[in-house]
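Participant: Sequence unavailable; structure follows:
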């Protein structure tokens, strides 16, 4: 049982759209990721997903509106809801979601990341 | 679907050891709480519990050691592990844990809080 310092973990990687696992509890994963640019439209058929902004600004696009998240703000995207994360500048985020969650959901893509590393 | 600003939510209550629910996903709750002083020793027979410090310093006591958590640090306490949060000065935390989690776990106490408010 060790504590996790979020800022320290964020210094350990620099690539975008490639989440790392930094905690596990109750079948859920805590992940960190750096995002920059536009992701793919996707949804998760089963998993709800929490996005918490650690640094920067994240725009979450939905089919009918956008929601802008700044540092210290989080958003829960329910399963089944199409969304697309967009970050004109780099943003660092923390994710809470079931261990089964695939980053691109139902949209298989060159951005799909499996077998995530644990930091 | 609305974003949650953690700092704004923390302005809405001032009492200690009384978590509020600020998000729900996958059967898990996201809670905010302000702590000051010494809690009761307890464990959760089923639920793992994540403590993320938003502001201040939290000491998590275990039977064999203490772990000090500062802003931006989190700790996952596995189910079955006795622990006691202690905060000499007020600390604001975010909790991530199953919706079934009772704050005092197996230790029924005057500090036990049921039917938590949603902010």
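Facilitator: Everything's here; your move. All values reported here derive from a predicted model rather than from experimental measurement.

Participant: Grab the longest strand from chain A for me.
Facilitator: Taking DSSP state E as the criterion, chain A has its longest strand at strand A:84-98.

Participant: How about the contacts made by the one residue sitting closest to the centre of chain A?
Facilitator: Residue closest to the mean C-alpha point of chain A, counted by C-alpha atoms, centre = their mean, is residue A:95 at 4.7 Å. Residue A:95 makes contact with A:19, A:29, A:30, A:31, A:32, A:33, A:49, A:50, A:51, A:52 under the criterion C-beta atoms under 8 Å, 6 or more residues apart in numbering or on different chains. The way it works is simple: take the backbone N, C-alpha and C, and place the C-beta from them, glycine included.

Participant: What of residue A:48?
Facilitator: With contact set as C-beta under 8 Å, 6+ apart, residue A:48 has these partners: A:76, A:77, A:78, A:79, A:97, B:25, B:26.

Participant: So which of the residues you listed is the closest to residue B:4?
Facilitator: residue A:76 (8.1 Å; C-beta to C-beta).

Participant: burial measure for the closest one, as a count.
Facilitator: 22 (other C-beta atoms under 10 Å in any protein chain shown).

Participant: Just to check, it is in contact with residue B:23?
Facilitator: Yes - between residue A:76 and residue B:23 a contact is recorded at 5.3 Å, counting by C-beta atoms under 8 Å.

Participant: give me the subset of the contacts of residue A:95 touching chain B.
Facilitator: By C-beta under 8 Å from any C-beta of the partner chain, the members of these lying near chain B are A:30, A:49, A:50.

Participant: can you list the residues you listed in CSV and add secondary structure and neighbour count?
Facilitator: As requested, those are arranged in CSV below (DSSP: H, G, I helix; E, B strand; the rest coil; neighbours: other C-beta atoms under 10 Å in any protein chain shown):
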residue, secondary structure, neighbour count
A:30, strand, 23
A:49, strand, 22
A:50, strand, 23
